[in-house]
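Enquirer: here are the coordinates; sequence isn't available:
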């Protein structure tokens, strides 16, 4: 079920999100959100950072791609 709530901006600029909303999208203390402003709307999006396993898999795919396309380290890290 979608949750709708009203929040108030505190003097220090912080906003507390309703617990029901936090539970619905599995957020807790330390969770990260991306924030976008569009017109008179603010959009918050949960950010899930990849773990070490995902980074290793991504790096392996990158190495495989580079090898297949004959891309060398200096091609990627050049100053120009």
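Expert: Arrived safely. What you are looking at is a predicted structure, and each value in this text was computed from that prediction instead of being measured.

Enquirer: From the centre of this protein, give me the residue that's furthest out.
Expert: The outermost residue of the chain relative to its centre, with distances by C-alpha atoms, centre = their mean, is residue 70 at 31.3 Å.

Enquirer: For residue 55, see how far away residue 66 is.
Expert: The gap separating residue 66 from residue 55 is 16 Å, by C-beta to C-beta, to the nearest Å. The way it works is simple: take the backbone N, C-alpha and C, and place the C-beta from them, glycine included.

Enquirer: what's the answer for residue 44, then?
Expert: Taking C-beta to C-beta as the measure, residue 44 falls 25 Å from residue 55.

Enquirer: out of those two, which sits in the busier spot?
Expert: residue 44 (14 against 11; other C-beta atoms under 10 Å).

Enquirer: Just say helix, strand or coil for the residue farthest from the centre of the chain.
Expert: Classification of residue 70 using DSSP: H, G, I helix; E, B strand; the rest coil returns coil.

Enquirer: so how far is residue 15 from it?
Expert: Distance of residue 70 to residue 15, computed by C-beta to C-beta: 50 Å.

Enquirer: Please apply the same query to residue 57.
Expert: Counting by C-beta to C-beta - residue 57 and residue 15 are separated by 36 Å.

Enquirer: Kindly report the same for residue 27.
Expert: Residue 27 sits at a distance of 13 Å from residue 15 (criterion: C-beta to C-beta).

Enquirer: Repeat that for residue 58.
Expert: Residue 58 is 33 Å from residue 15, by C-beta to C-beta.

Enquirer: picking up where we left off before, of residue 27 and residue 15, who's got more company?
Expert: Using other C-beta under 10 Å, the more surrounded residue of residue 27 and residue 15 is residue 27, with 16 against 10.

Enquirer: was I right about the more buried one contacting residue 46?
Expert: Yes. Between residue 27 and residue 46 there is a contact under C-beta atoms under 8 Å: 6.4 Å.
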